[in-house]
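Undergrad: Have a look; sequence and predicted model below, questions after that.
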Protein chains: 2
Amino acid sequence: MSTAEPLLARPLRLDTTEPDFEARLAARLHWSAETDAAIEQRVAAIVADVRARGDAAVLEYTRRFDAIEAASVAELELGADALRAAFDAIPAAQREALQQAAGRIRRYHEAQLQACGRSWSYRDPDGTLLGQKVTPLDRVGIYVPGGKAAYPSSVLMNAIPAHVAGVPEIVMVVPTPRGERNPLVLAAAHVAGVSRAFAIGGAQAVAALAYGTATIPQVDKITGPGNAYVASAKKHVFGTVGIDMIAGPSEILVLADGSTPPDWVAMDLFSQAEHDELAQSILLCPDAAYLDAVQAAIDRLLPTLPRAAIIAASLNGRGALIRTRSMEEACALSNRIAPEHLEVASREPQRWEPLLRHAGAIFLGAYTSESLGDYCAGPNHVLPTSGTARFSSPLGVYDFQKRSSLIEVSAAGAQSLGRIASVLAHGEGLQAHARAAELRLDAEGRA
Amino acid sequence: MSTAEPLLARPLRLDTTEPDFEARLAARLHWSAETDAAIEQRVAAIVADVRARGDAAVLEYTRRFDAIEAASVAELELGADALRAAFDAIPAAQREALQQAAGRIRRYHEAQLQACGRSWSYRDPDGTLLGQKVTPLDRVGIYVPGGKAAYPSSVLMNAIPAHVAGVPEIVMVVPTPRGERNPLVLAAAHVAGVSRAFAIGGAQAVAALAYGTATIPQVDKITGPGNAYVASAKKHVFGTVGIDMIAGPSEILVLADGSTPPDWVAMDLFSQAEHDELAQSILLCPDAAYLDAVQAAIDRLLPTLPRAAIIAASLNGRGALIRTRSMEEACALSNRIAPEHLEVASREPQRWEPLLRHAGAIFLGAYTSESLGDYCAGPNHVLPTSGTARFSSPLGVYDFQKRSSLIEVSAAGAQSLGRIASVLAHGEGLQAHARAAELRLDAEGRA
């Protein structure tokens, strides 16, 4: 028989009442973030070389890995004119969509700045001032992948929060293998207000941003997704510069009460699965018949999608349709998984929302498809993966700011605080600390 | 000649007008965070062993490294009674100082929670809700060093922000080599509201917190200082749990206009230098005669201090007194150094504060000695070191919270957002994303 079998996507069916449920769920969730030692070694060598030789090393690796011959790194700069030209050249519908998305993302992050990004202070009755000064970073680098995973939306999601935070200089790097430039990525850089852009990528671009070269400015923090080499390079330079999180495969978890059309939910699971074979799509529902209906929708809709092969591989390898005892149990299970994207496909999303503690982004109600959040609802699409939503947050304005404590002790405050500090410092055996406080006491100081 | 030479502390004298100033400053600032490969390997083995064998491995390493024989990890728990007993047993002055410091630290972090730790949301005119939900972490681990570097103030500075953030369970670990317990550390744990405490330390304690054992609960994040093994273990488990920053040697930079008594400034430089030989104390001032006066104060005061040998080693190896052209130049230089602690020893601290962009904590005016901030002013004393204040912040309530985006798209919102998302998703070649948005459009959906 030589006829091709039809492409099937059959996520694992699980039931929380089965005795082996925990073990089977654990196996399905398992994903190892272990990095390849060989990659780490090669990255360490590239980073050291760029640090030592600067532009010359960047040019050499760009020639080797991206097959671009350039006489200087300056030739690899994508000037403001090139970004604007790319924007002008794309179809009007794309121009408009980019601008509308950018406007909404900007507005959301401005609200975030208002809510949590302002300096504050108060005074004690004795006049002592205490507070925190919030300032933007001076210069940040944004890594944008090239090739097939080139996402213009990621340019908006990284550059706009930096811009709203007040970062004066945003430097974008994007590899252009064999000179192929993605016009939407360049157009998005124009819309997002990137300051400078360079057609370089890989570990060499990360190293250039972290240490600076004659042509590429040194930045204070590097954000943005990339392949294993980029992730390894970011880890390597962490400490010299700040970095955002290192992302694992993308994930969606849908909590369904059975009220959302199965086709909608199936397509939402697909929209995660189409990213790559390791992406994870999980559906939780107390109603087994609804899970059957979603599986039927999967079977029917899969052949209509261009990326059906990737979707099928993802759902077969990492997907799951899980029947739970109740919506409450589904919420508790979701908290344990702490998914990157959490859809509450329910008639009563506000009923379940308070039960949901750990997730990168929570999409409430049937109309809130993850894809709306991915592009244009406003919130950031850079979210914590692999359960790290238990302790980390979406990319935001706060990632492009830092805080400095402010303390101005009054002469009166120095008396009361000095006595406390003196006792505690002596208790820790730090006598110079104690003496520094005691010198400010009236009896000892110049007053 | 066998007479001992007198102990001298002579920080490097520099002048910004000298031609070799930049090179000499760079050499003095240089500090390498490179970790020892041998330590990393040993830590990796300990972490793997604790992960595999749990309590048994923890017991074994505690026996080996801390010389404690215990039949079970449960025996190593420091119960609430033990913490309270330690508190009751210390002198009344210490009890009162701990409580006053805790009260001020709590008040400051409550103000921080109000200023930047609350959930927020807004609605579009079409009813779409956008916001961010801020929730505390479920369980955190606090590492407290034992032995000579046992600082009760660090217990307050780590546990209180977690408590204010609303973390329900705070697990402290503290090594007690040969069974020696630091009563002030246990008393501080009582005051700070630690939930559980274990007398374990080192890489084995970090691993136990990260992966959990039969006795020690698994946490979501680990904060707190430690030696090279602890730092390496924290890096190792990062990703499985969150961690705070990895601290380098402590630093102070004093900006002086010559109006603060030289003795006060000398003692402030000492109070940094007494931490350890690698600590860094730098004074910037436009007035060379003032630098001479501070050096004279150093010479006079040094012999009066019990930790004079450490102070001298630190100042001779890493200290600097730098004459600048002006206060403005001093501010600019301070921004380049981005110190952990920055004292503005000036009659006009509010004149210079706006020029200061990068520092962990800014201490304004002659009465604000760093030591007051270290113990009891209120702000956190866990601060970014080694120039990382360019991109990172003091430990705060925000380190014990995380954020989840909230999106609830209305039926009307799904129409406008769906069209934008569809255009951008097709542009990225992600057709399932586009279709998920399009299904919510009236023409396609069930409406």
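TA: Everything's here; your move.

Undergrad: Could you use CA atoms for every contact and neighbour count after this?
TA: Will do.

Undergrad: buried residues in stretch A:387-398?
TA: Along stretch A:387-398, these residues count as buried under the neighbour rule (16 or more other C-alpha atoms under 10 Å in any protein chain shown): A:G387, A:T388, A:A389, A:R390, A:F391, A:S392, A:S393, A:P394, A:L395, A:G396, A:V397, A:Y398.

Undergrad: Dump those residues to TSV, plus distance to B:D126, pLDDT and secondary structure.
TA: Listed next are the buried residues of stretch A:387-398 as TSV, based on distance: C-alpha to C-alpha, whole Å; pLDDT from 0 to 100; DSSP: H, G, I helix; E, B strand; the rest coil:
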residue	distance to B:D126	pLDDT	secondary structure
A:G387	33	94	coil
A:T388	33	95	helix
A:A389	30	97	helix
A:R390	32	97	helix
A:F391	33	97	coil
A:S392	31	96	coil
A:S393	27	97	coil
A:P394	25	97	coil
A:L395	26	97	coil
A:G396	24	98	coil
A:V397	25	98	helix
A:Y398	28	97	helix
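
Undergrad: so which of those are also by chain B?
TA: Contacts with chain B are made by A:T388, A:A389, A:R390, A:F391, A:S392, A:S393, A:P394 out of the buried residues of stretch A:387-398, judged by C-alpha under 8 Å from any C-alpha of the partner chain.

Undergrad: what sits against the closest residue to A:D287 other than its chain neighbours?
TA: With C-alpha to C-alpha, 6 or more residues apart in numbering or on different chains as the criterion, A:D287 has its nearest non-adjacent residue at 6.5 Å, and that residue is A:R323. Applying C-alpha atoms under 8 Å, 6 or more residues apart in numbering or on different chains, we find A:R323 in contact with A:R13, A:L14, A:D15, A:T16, A:L284, A:C285, A:P286, A:D287, A:A288, A:L291.

Undergrad: can we see that at 10 Å?
TA: For A:R323, the contact set (C-alpha atoms under 10 Å, 6 or more residues apart in numbering or on different chains) comprises A:13-17, A:283-291, A:329-330.

Undergrad: and the gap between it and chain B?
TA: 23 Å (C-alpha to the nearest C-alpha, to the nearest Å).

Undergrad: Now do the same for that residue: its pLDDT.
TA: You'll see A:R323 listed with a pLDDT of 98.

Undergrad: dump the residue contacts of the most centrally placed residue in chain A.
TA: Centroid-nearest residue in chain A: A:V382, 2.9 Å away (criterion: C-alpha atoms, centre = their mean). The contact partners of A:V382, taken as C-alpha under 10 Å, 6+ apart, are A:154, A:157-158, A:223-225, A:244-245, A:247, A:340, A:360-361, A:374, A:393-396.

Undergrad: To which secondary structure element type does it belong?
TA: Classification of A:V382 using DSSP: H, G, I helix; E, B strand; the rest coil returns coil.

Undergrad: What strand or helix carries the closest residue to chain B within the stretch 201-350 of chain A?
TA: Nearest residue of the stretch 201-350 of chain A to chain B (C-alpha to the nearest C-alpha) works out as A:S271 at 4.7 Å. In this assignment (DSSP states H and E), A:S271 forms part of helix A:262-273.

Undergrad: So what's the model's average confidence on the following helix or strand past that helix?
TA: Using DSSP H and E, the helix or strand that follows helix A:262-273 in sequence is strand A:280-285. For strand A:280-285, mean pLDDT is 98.

Undergrad: Go ahead and measure how far strand A:280-285 is from the middle of the chain.
TA: Distance of strand A:280-285 from its chain centroid, counting by C-alpha atoms, centre = their mean, to the nearest Å, is 21 Å.

Undergrad: Buried residues of the next helix or strand after it, list them for me.
TA: Next helix or strand after strand A:280-285 toward the C-terminus (DSSP H and E): helix A:288-301. By 16+ other C-alpha under 10 Å, the buried positions in helix A:288-301 come out as A:A288, A:Y290, A:L291, A:A293, A:V294, A:Q295, A:A297, A:I298, A:D299, A:L301.

Undergrad: Quick one: the residues you listed as TSV, columns for pLDDT and distance to A:S314 too.
TA: Output for the buried residues of helix A:288-301, formatted as TSV (pLDDT from 0 to 100; distance: C-alpha to C-alpha, whole Å):
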residue	pLDDT	distance to A:S314
A:A288	98	22
A:Y290	98	21
A:L291	98	18
A:A293	98	20
A:V294	98	16
A:Q295	98	15
A:A297	98	16
A:I298	98	13
A:D299	97	14
A:L301	97	15
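
Undergrad: From those residues, list the ones also adjacent to chain B.
TA: Counting by C-alpha under 10 Å from any C-alpha of the partner chain, A:L301 from those sit close to chain B.

Undergrad: Tell me where the stretch 151-300 of chain A has strands.
TA: Secondary structure of the stretch 151-300 of chain A (DSSP state E, counting those that start in this stretch): strands at A:169-173, A:196-198, A:221-223, A:242-243, A:251-256, A:280-285.

Undergrad: Serialize those to a markdown table and add fields for mean neighbour count and distance to A:D55.
TA: Formatted as a markdown table, the strands of the stretch 151-300 of chain A follow (neighbours: other C-alpha atoms under 10 Å in any protein chain shown; distance: least, C-alpha to C-alpha, whole Å):
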| stretch | mean neighbour count | distance to A:D55 |
| --- | --- | --- |
| strand A:169-173 | 24 | 14 |
| strand A:196-198 | 22 | 12 |
| strand A:221-223 | 26 | 19 |
| strand A:242-243 | 23 | 22 |
| strand A:251-256 | 26 | 38 |
| strand A:280-285 | 27 | 40 |
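
Undergrad: Quick check, pLDDT for the nearest residue to A:R95 once chain neighbours are set aside.
TA: Take A:R95 and drop its neighbours on the chain: the residue closest to it by C-alpha to C-alpha, 6+ apart is A:F87, 6.7 Å away. pLDDT, A:F87: 98.

Undergrad: A:F87: neighbouring residues, count only.
TA: 23 (other C-alpha atoms under 10 Å in any protein chain shown).

Undergrad: Over to A:E75?
TA: There are 12 residues near A:E75, going by other C-alpha under 10 Å.

Undergrad: Distance of it relative to chain B?
TA: Per C-alpha to the nearest C-alpha, A:E75 is found 27 Å from chain B.

Undergrad: got the contact list for A:L284?
TA: Contacts of A:L284 by C-alpha under 10 Å, 6+ apart are A:14-16, A:253-257, A:291, A:320-324, A:326-327, A:329-331, A:333-334, A:344-345.

Undergrad: What are the buried residues along stretch A:405-420?
TA: Of all the residues in stretch A:405-420, those buried under the rule 16+ other C-alpha under 10 Å are A:405-420.

Undergrad: How about that stretch and chain B, touching?
TA: Yes - using C-alpha under 10 Å from any C-alpha, stretch A:405-420 comes into contact with chain B via A:405-420.

Undergrad: Bridged to the residue nearest to A:D287, which residues?
TA: Under DSSP bridges, the beta-bridge partners of A:R323 are A:D15, A:C285.

Undergrad: Next one: it from A:Q272, what distance?
TA: A:R323 sits 20 Å away from A:Q272, taking C-alpha to C-alpha, to the nearest Å as the criterion.

Undergrad: cool, and A:L315?
TA: 10 Å.

Undergrad: got any residues that touch both of the two?
TA: A:L278, A:A279, A:Q280, A:S281, A:I282.

Undergrad: Reformat those as a markdown table; add distance to A:I142.
TA: Converted to a markdown table, those look like this (distance: C-alpha to C-alpha, whole Å):
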| residue | distance to A:I142 |
| --- | --- |
| A:L278 | 24 |
| A:A279 | 23 |
| A:Q280 | 26 |
| A:S281 | 28 |
| A:I282 | 31 |
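
Undergrad: Good, we can wrap up now.
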